[in-house]
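Enquirer: sequence-free structure coming up:
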């Protein structure tokens, strides 16, 4: 039995905290950009079809929370709906939870200026598809039909862009507080293009859009539009539900009394439950 009593010897040096059941590896994309990949794998036997997989953007900030959510909820999958699964955080080789300049480039689709610091979403998507996924799939048994992606803020924008332009990449998409305002709400035109071309979508997908109820400060305060995050998310969810229900199951969740940052743990918890639900 594990001894969980309080240690009596307080003279020993503190040691770095390490997470059991987790590992990490640094990778370089074809474009020479460095990334740090975090992975958590259940210690149980995989199901016949392999483990479901959840890929998280901003992995330095989101991986540990998602790992804990899965570890706790998969203990009672009949009650939580969360089976044992693999959690993959896609981050950067640095210590801070966020790498602002790196994520600004990787998570923005196209550019609305000549600024080379943005517009790397396509290359980042290629890196996930061509490098990260094959590494995970060759290392552990995975279920190719239960692949999900989670992103918050600019990460949520990337999730939407991936869904609208590369819907075959994942079966489930979680866009938490997505930055719909970016580039004068250009993602809405891509949503409309997705709706018009939905006959070309090979398989029905799933989308969860979440937002905190306190995300009501108009982005116009930062020259980013005139509507609030809550209004943007709710309106896009309704647009997709009304016009693309034949190829996309859309869910919407608003978390009471949570702001753009405090909402992250709630969004991850709800996102994990959503990601691995069987169709």
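Expert: Noted; the coordinates are in hand. As the structure is a computational prediction, the values presented were derived from the model and not from experiment.

Enquirer: how deep is the residue nearest to residue 92 when sequence neighbours are not counted tucked in, by neighbour count?
Expert: Spatial nearest neighbour of residue 92, excluding adjacent residues (C-beta to C-beta, 6 or more residues apart in numbering): residue 99 at 4.3 Å. The C-beta positions use only the backbone N, C-alpha and C, and glycine is treated the same way. By other C-beta atoms under 10 Å, the residues close to residue 99 number 20.

Enquirer: what secondary structure does the closest residue to residue 59 other than its chain neighbours sit in?
Expert: Closest residue to residue 59 apart from its sequence neighbours, by C-beta to C-beta, 6+ apart: residue 89 at 2.6 Å. Secondary structure for residue 89, judged by DSSP: H, G, I helix; E, B strand; the rest coil, is strand.

Enquirer: Can you check the pLDDT for residue 89?
Expert: What the model reports as pLDDT for residue 89 is 97.

Enquirer: Between the two ends of stretch 256-273, what distance do you get?
Expert: 18 Å (C-alpha to C-alpha, to the nearest Å).

Enquirer: what's the nearest residue to residue 118 if we skip its chain neighbours?
Expert: Per C-beta to C-beta, 6+ apart, closest to residue 118 is residue 108, 4.3 Å.

Enquirer: ok so the one you found is a strand residue?
Expert: No - assessed with three-state DSSP, residue 108 is coil; it does not lie in a strand.

Enquirer: From residue 198, how far out is it?
Expert: 25 Å (C-beta to C-beta, to the nearest Å).

Enquirer: Surely residue 31 and residue 130 touch.
Expert: No - look at residue 31 against residue 130 with C-beta atoms under 8 Å: they stay out of range, at 11.2 Å.

Enquirer: what residue ranges in the protein score low on pLDDT?
Expert: 1-11, 17, 111-115, 218-227, 279 (pLDDT under 70).

Enquirer: Mind naming the longest strand for this structure?
Expert: Longest strand in the chain, counting residues (DSSP state E): strand 142-152.

Enquirer: just to revisit the earlier point, surely the residue nearest to residue 92 is in contact with residue 106?
Expert: No - judged on C-beta under 8 Å, residue 99 makes no contact with residue 106 at a distance of 9.1 Å.

Enquirer: Can you name the residues bridging to residue 150?
Expert: Beta bridges link residue 150 to residue 56, residue 174, judged by DSSP bridges.

Enquirer: correction: residue 89
Expert: residue 38, residue 56.

Enquirer: show me the contacts for it.
Expert: 37-39, 56, 59-60, 62-63, 66 (C-beta atoms under 8 Å, 6 or more residues apart in numbering).

Enquirer: Helices along the stretch 1-150 of the chain, start to end?
Expert: Under the criterion DSSP state H, counting those that start in this stretch, the stretch 1-150 of the chain contains helices at 59-73, 77-80, 100-106, 121-127, 133-139.

Enquirer: Alright, that wraps it up for me.
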